[in-house]
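**Q** Take a look and give me a structure for this.
(chains A and B)
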Number of protein chains: 2
Amino acid sequence: MAGVISPSMPLFVVRNAARGNVAYAPIADGGGRSLQFGVYETEVADRLKLIQRFIGPGLKRALHTLEGGLPLRPIIAQALHMGDELHGRTAAATSLVFRAFTRPLLDAGLDRRTVVAILRHIQSTPGFFLNLAMAAAKAALDAAHGVADSSLVTAIARNGVETGIRVSGLGERWFTAPAEMPSGVIVPPYAAVDANPDLGDNAIVEAAGLGAFALGAGLGLVTAVGGTAEAALDLTRDMDSITLARNPAFTLPALDFVGAPTGIDVRKVVDNGVRPAIVTAIAHRQAGLGQIGMGLARAPMACFVGAVAALARALGAAS
Amino acid sequence: MAGVISPSMPLFVVRNAARGNVAYAPIADGGGRSLQFGVYETEVADRLKLIQRFIGPGLKRALHTLEGGLPLRPIIAQALHMGDELHGRTAAATSLVFRAFTRPLLDAGLDRRTVVAILRHIQSTPGFFLNLAMAAAKAALDAAHGVADSSLVTAIARNGVETGIRVSGLGERWFTAPAEMPSGVIVPPYAAVDANPDLGDNAIVEAAGLGAFALGAGLGLVTAVGGTAEAALDLTRDMDSITLARNPAFTLPALDFVGAPTGIDVRKVVDNGVRPAIVTAIAHRQAGLGQIGMGLARAPMACFVGAVAALARALGAAS
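**A** This is a model prediction of the structure:
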């Protein structure tokens, strides 16, 4: 469930209703040329000011009209039936959240111009829901962190140089390895040589069974990442071999409504030699040029080998 | 493109932008228990009055803020990428049209309560867009009617007793045969014995390459009609064998973005022995009980045999 806090720059607050823990997400500041893709220019600054002064406070007042905030799980579940995999494509979820916010915005006593500005911002930001999906994934996975001996991956993150994973039974340690190059579709005039290695903290959604793990639901995305529908279904089937369960709350129509493969087990990754796939925006390697494409990357095997070795040592020390 | 007229009961006016001809559609009056499913009771009457007094006039004023009305083709194209096949499932298109109407409603100078009532009506009517899809299909197909010697089906309609088709080169004549029973999923306490034969004028969307013809896009619907994802893809492939083209404007993600099979040729139906499939709401055979399920039906072969024979006679007479 989402709320908004706004001490200085407003953030969404996403609460794990079952466990009570919270995660935070900035309000998405636009498409390809935006701060979240590393672009900072006058238009980006103006949009951030709009978010700070009007959009954040307006959404906060709107959310206060809803008892308990806005439930995110039904939106994610519906969006998976509407062509989103919830990482590279959140067009359906964004359309659903636009609809979910409209009535609260009208009920909040805001002036018409503010309501229009907020709705226009959501409509012009196809990835608006991604930040909420990321926070929802983090709120879910944080609750699963810290289980003794657990081999569950509770986070994947990449900083453009290294990729790291965090494992439930291995405390606050990150297992890192050099980030790989994504492959996919790069928009001219740019080409593969311009791409930065795999980058971003949004792979948290893959760790929660969305993104590449649900690509069999996100068939609207497959040409954008350079694939085919059949390859997308195969990828989701492959992810089944490295996960602990199929999430009954998040079902995939093209696979006859099986649940999304969820909960990466570092042992299965190493045993099966299948690395977790990640849907990713491809960023230009030069800071400030932003997103130049979309594609797929894999988390490096060395992260998982390191985690399995650490688990074995921990178990050996305990026995 | 859609506008609204409201002499007594308001109607959507859908214009074929290329040819200038228009088609009309009532504003959908709700889900299972509604006039369009044959139910008439106090709540239905109240909702119709709301449509007549507030929703229709409000939408008319909103649409007047848009130069040239609301373009429907982009909404249909996007909805096909969001799990709709545009007959049994229009959830995505309805969500998109909710978003498309919101800004015009806010710009139209309506009071807040009217805006809220209109948006609430759209949100609570998952099939809201179906009526617009039907009128769009009719506007497209009417423009193709009356081409000399053409074997193109320009309408399919069923009245619960007979199914009829109209053919471009055969004037105003309808070729009819007894309507078949749909098969699918019937909601308890009802069962197959309660079902009425195939019923409704909405098969116009199948004649335009949507509905069952695009079921490979509407994978969100497959369990609702009792099928599987693979069977849905096969059905769309089968419809390819009886149609004249693949519509490049309406593409199907699960089939790697091929166009929807469009334009039924009565000769191909007879030659290949493949009857057009129709997604259909299943109505109770007793008037007033409304929709009891969802399923698939086929147009009877006798309609097509009759049309081919008439075409042959017309060509013989002309030679």
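**Q** Now for chain A: which strand has the highest residue count?
**A** strand A:243-252 (DSSP state E).
**Q** does any bit of that strand sit next to chain B?
**A** No: using C-beta under 8 Å from any C-beta of the partner chain, strand A:243-252 never reaches chain B; the gap is at least 9.0 Å. Every residue, glycine included, has its C-beta placed from N, CA and C.
**Q** Now that strand - C-alpha only, CSV.
**A** C-alpha atoms of strand A:243-252 as CSV (Å, rounded to 0.1, in the frame of the first residue of the first chain):
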residue,chain,number,x,y,z
THR,A,243,13.3,-20.1,-8.1
LEU,A,244,11.6,-21.5,-5.0
ALA,A,245,7.9,-21.0,-5.9
ARG,A,246,5.3,-19.8,-8.3
ASN,A,247,3.5,-16.7,-6.9
PRO,A,248,-0.2,-17.5,-6.9
ALA,A,249,-1.0,-13.8,-6.6
PHE,A,250,0.8,-12.9,-9.9
THR,A,251,-0.3,-15.1,-12.7
LEU,A,252,0.8,-15.2,-16.4
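**Q** Please compute how far that strand lies from its chain's middle.
**A** Its chain's C-alpha centre and that of strand A:243-252 lie 16 Å apart, by C-alpha atoms, centre = their mean, to the nearest Å.
**Q** Tell me the strands beside it, with direction?
**A** strand A:258-264 (antiparallel) (DSSP bridges).
**Q** model confidence over the strand it pairs with, on average?
**A** Computed over strand A:258-264, the mean pLDDT rounds to 97.
**Q** Kindly report the same for stretch A:68-85.
**A** For stretch A:68-85, the mean confidence score works out to 96.
**Q** Kindly report the residues of the stretch 201-319 of chain A close to chain B.
**A** Taking C-beta under 8 Å from any C-beta as the contact definition, the stretch 201-319 of chain A meets chain B at A:Leu219, A:Gly220, A:Val222, A:Thr223, A:Thr228, A:Ala229, A:Glu230, A:Pro253, A:Ala254, A:Leu255, A:Asp256, A:Phe257.
**Q** 7 Å instead?
**A** Within the stretch 201-319 of chain A, the positions adjacent to chain B are A:Leu219, A:Gly220, A:Val222, A:Thr223, A:Thr228, A:Ala229, A:Pro253, A:Ala254, A:Leu255, A:Asp256, A:Phe257 by C-beta under 7 Å from any C-beta of the partner chain.
**Q** Which one of those residues sits in the busiest neighbourhood?
**A** Neighbour counts for those (other C-beta atoms under 10 Å in any protein chain shown) peak at A:Leu219, which has 30 neighbours.
**Q** Which residue is the nearest non-sequential neighbour of that one?
**A** B:Pro253 (3.8 Å; C-beta to C-beta, 6 or more residues apart in numbering or on different chains).
**Q** and what of A:Asp201?
**A** Per C-beta to C-beta, 6+ apart, closest to A:Asp201 is A:Ala157, 4.6 Å.
**Q** Name the residues of the strand or helix carrying that neighbour that come out as buried.
**A** A:Ala157 is part of strand A:153-159, with elements assigned from DSSP states H and E. Buried residues in strand A:153-159, counted by 16 or more other C-beta atoms under 10 Å in any protein chain shown: A:Val153, A:Thr154, A:Ala155, A:Ile156, A:Ala157, A:Arg158.
**Q** which is the next helix or strand following the helix or strand where A:Ala77 lies?
**A** Following DSSP H and E, one finds A:Ala77 within helix A:73-80. Following helix A:73-80 in sequence order, the next helix or strand is helix A:91-107 (DSSP H and E).
**Q** got a list of contacts for stretch A:245-253?
**A** With C-beta atoms under 7 Å, 6 or more residues apart in numbering or on different chains as the contact definition, stretch A:245-253 has outside contacts at A:73, A:76-77, A:80-81, A:209, A:214, A:216-217, A:236, A:257-263, B:83, B:219-220, B:222, B:229.
**Q** so the helix or strand encompassing A:Thr176 versus strand A:153-159, what angle?
**A** In this structure, A:Thr176 is located in strand A:174-178 according to DSSP H and E. Here strand A:174-178 runs at an angle of 40 degrees relative to strand A:153-159 (axes from the mean of the first three to the mean of the last three C-alpha atoms, to 10 degrees).
**Q** pLDDT of whatever helix or strand comes next after strand A:174-178, averaged?
**A** Next helix or strand after strand A:174-178 toward the C-terminus (DSSP H and E): strand A:183-186. For strand A:183-186, mean pLDDT is 93.
**Q** Strand A:183-186 and chain B in contact?
**A** No: under the criterion of C-beta under 7 Å from any C-beta, chain B is not reached by strand A:183-186; the shortest gap measures 13.7 Å.
**Q** tell me the mean pLDDT over the helix or strand just after that strand?
**A** Going down the chain from strand A:183-186, the next helix or strand is strand A:199-200, by DSSP H and E. For strand A:199-200, the mean per-residue pLDDT is 92.
**Q** what sits up against strand A:199-200?
**A** Contacts for strand A:199-200 (C-beta under 7 Å, 6+ apart): A:Arg158, A:Asn159, A:Gly160, A:Thr280, A:Ala281, A:Ala283.
**Q** any idea how far A:Pro182 is from A:Ala208?
**A** 20 Å (C-beta to C-beta, to the nearest Å).
**Q** higher neighbour count, those two?
**A** Neighbour tally, A:Pro182 and A:Ala208, criterion other C-beta under 10 Å: the higher count belongs to A:Ala208, 31 against 26.
**Q** Which element, helix or strand, includes the nearest residue to the more buried one once chain neighbours are set aside?
**A** Closest residue in space to A:Ala208, ignoring its immediate chain neighbours: A:Ala137 at 3.5 Å, by C-beta to C-beta, 6+ apart. Per DSSP H and E: A:Ala137 is located in helix A:128-142.
**Q** elements contacting that helix?
**A** On a contact count with 3 or more C-beta pairs under 7 Å, 6 or more residues apart in numbering or on different chains; DSSP states H and E, helix A:128-142 meets strand A:11-15, strand A:22-26, helix A:91-107, helix A:204-207.
**Q** OK, contacts around the residue nearest to A:Pro276 when sequence neighbours are not counted?
**A** For A:Pro276, ignoring the flanking residues on the chain, the nearest one in space by C-beta to C-beta, 6+ apart is A:Ala299 at 4.6 Å. Taking C-beta under 7 Å, 6+ apart, we find A:Ala299 in contact with A:Ile156, A:Thr163, A:Ile165, A:Arg275, A:Pro276, A:Ile278.
**Q** phi, psi of A:Ala299?
**A** Here is the backbone geometry of A:Ala299 (degrees, to the nearest 10): phi -70, psi 140.
**Q** Over to A:Asp238?
**A** Residue torsions, per degrees, to the nearest 10, at A:Asp238 are phi -60, psi -40.
**Q** And for the residue lying closest to it once chain neighbours are set aside, the neighbour number?
**A** Distances taken as C-beta to C-beta, 6+ apart put A:Val274 closest to A:Asp238, at 5.6 Å, once the chain neighbours are dropped. A:Val274 is flanked by 17 other residues according to other C-beta under 10 Å.
**Q** Mind pulling the model confidence for A:Val274?
**A** 98.
**Q** Could you do the one 10 residues further on as well?
**A** pLDDT recorded at A:His284 is 92.
**Q** can you check A:Ile5 too?
**A** 59.
**Q** Also A:Gly306?
**A** So A:Gly306 comes in at 98 (pLDDT).
**Q** what sits against the nearest residue to it once chain neighbours are set aside?
**A** Distance criterion C-beta to C-beta, 6+ apart; nearest residue to A:Gly306, sequence neighbours excluded, is A:Phe175 at 4.2 Å. Counting by C-beta under 7 Å, 6+ apart, A:Phe175 touches A:Gly164, A:Ile165, A:Cys303, A:Gly306, A:Ala307.
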